[in-house]
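Undergrad: Got a predicted model here, sequence first, then my questions.
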Amino acid sequence: MSVRTAPKEPREQSLGYLRTAELGQYSYYGGLLLTDVAGVPKTFHYAEPVTPTRIQQIIYGYSLERYCRVDIVASALIAQVPEPPALFVVSDGFLLHAEKHTDRPVIALSASNESPFSEIGQYQHVNEREILLQATPAGGPLRVTMTHKHRKLDQVVPILCEMGQVISPLEPLERVALALEEIGGELKATLGRAA
C-alpha cells in the first residue's frame with residue numbers, strides 16, 4: 001500500500017458531527033453538533049425519540065434500526081441545518097447511509113492502532129472505502145470510512161487536516177455522545193415521573 005500526501009488547502013468550513021442513540025428497545029434519538037474547523041460549537045440540534053409501533057416493528061423487521069436511525073432521526077437532523085456543513089462526521093459505519101439525505105460527504109471516523117505517518121495530510125488506502133489519515137501532529141492516523149470508493153476524498157482530507165492542527169477531529173464526536181447521554185438521562189427521568 002502506498003502513502004500519499006493530500007494537498008494543503010486551508011478552508012473556513014464547518015463540520016457536522018452526527019450520532020444516534022437508543023433510549024430503550026426500538027426507541028431512537030440523536031444529536032448533530034456543528035463546529036468550525038477549530039472545534040468551536042456553532043449549533044447543536046437533537047431529535048426527540050422515535051418509537052415505532054408494533055406493526056412497524058413487524059413490517060420493517062431487520063431493517064427497522066436502519067430506518068429509524070438513518071431515515072427518520074439522521075434525516076430530520078440534517079434537514080434542521082439551514083446551511084449544510086462542508087462534511088458530516090458520523091460515529092459508525094451504519095450512519096454512512098445518511099449520505100442519501102445530503103449532497104455533502106458523510107464519513108465515519110475512528111482511531112487506529114497504526115504508527116504515525118511522517119507528516120500531516122499523508123494517507124494510505126486500506127481498501128476501496130477506507131483510508132488511514134494522519135490528521136494530527138501527534139498520535140496515529142485516523143481511520144476514515146466512506147460509502148463509495150474514496151468519493152470526495154479531495155474535499156474531506158484537507159478539512160480534517162486543518163482541524164487536526166487544533167484538536168483531534170474525533171473529539172467533537174465524544175461531546176455529542178456525552179450530550180446524548182445527558183439528554184437520554186433527562187428523557188428517562190421524565191418518562192419515570194410520567195409513569
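TA: All right, it came through fine.
Undergrad: need the contact list for the spatially most central residue of the chain.
TA: For the chain, Val90 is the residue whose C-alpha lies nearest the centre (CA atoms, centre = their mean; 1.4 Å). Counting by CB atoms under 8 Å, 6 or more residues apart in numbering, Val90 touches Tyr17, Leu18, Arg19, Leu96, Ala98, Val106, Ile107, Ala108, Leu109. For every residue, glycine as well, the C-beta is placed using N, CA and C.
Undergrad: Residues in a beta bridge with it, which ones?
TA: Counting by DSSP bridges, Val90 forms beta bridges with Leu18, Ala108.
Undergrad: distance of it from Gly185?
TA: Val90 sits 23 Å away from Gly185, going by CB to CB, to the nearest Å.
Undergrad: what does Leu15 give?
TA: The value you get for Leu15 to Gly185, if CB to CB is used, is 26 Å.
Undergrad: Ramachandran angles for Ala138?
TA: phi -120, psi 150 (degrees, to the nearest 10).
Undergrad: and Leu15 and Gly185? which has more neighbours close in?
TA: Leu15 (23 against 10; other CB atoms under 10 Å).
Undergrad: that's a strand at that one, yeah?
TA: Yes - judged by DSSP: H, G, I helix; E, B strand; the rest coil, Leu15 forms part of a strand.
Undergrad: what sits against it?
TA: 34-37, 85-89, 159, 163, 169, 172.
Undergrad: Also Thr35?
TA: Thr35 neighbours (CB under 8 Å, 6+ apart): Ser14, Leu15, Tyr17, Pro41, Lys42, Pro172.
Undergrad: filter these to the buried ones?
TA: Ser14, Leu15, Tyr17, Pro172 (16 or more other CB atoms under 10 Å).
Undergrad: coming back round to it: from the contacts of Leu15, which ones fall inside strands?
TA: Counting by DSSP state E, the contacts of Leu15 place Leu34, Thr35, Asp36, Leu87, Phe88, Val89 in strands.
Undergrad: May I see the ChimeraX selection of the buried members of those residues?
TA: Of the ones in strands among the contacts of Leu15, the buried ones can be selected in ChimeraX as follows, counting by 16+ other CB under 10 Å:
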select :34,35,87,88,89
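Undergrad: Widest-spaced pair of the ones in strands among the contacts of Leu15?
TA: Asp36 and Phe88 (14.8 Å; CB to CB).
Undergrad: so where do the helices sit in this structure?
TA: In the chain, the helices defined using DSSP state H lie at 54-60, 64-66, 75-79, 153-164, 171-194.
Undergrad: Just give the closest residue to Ile167, not the sequence neighbours.
TA: Using CB to CB, 6 or more residues apart in numbering and skipping residues adjacent in sequence, the residue nearest Ile167 is Gly39, 4.4 Å away.
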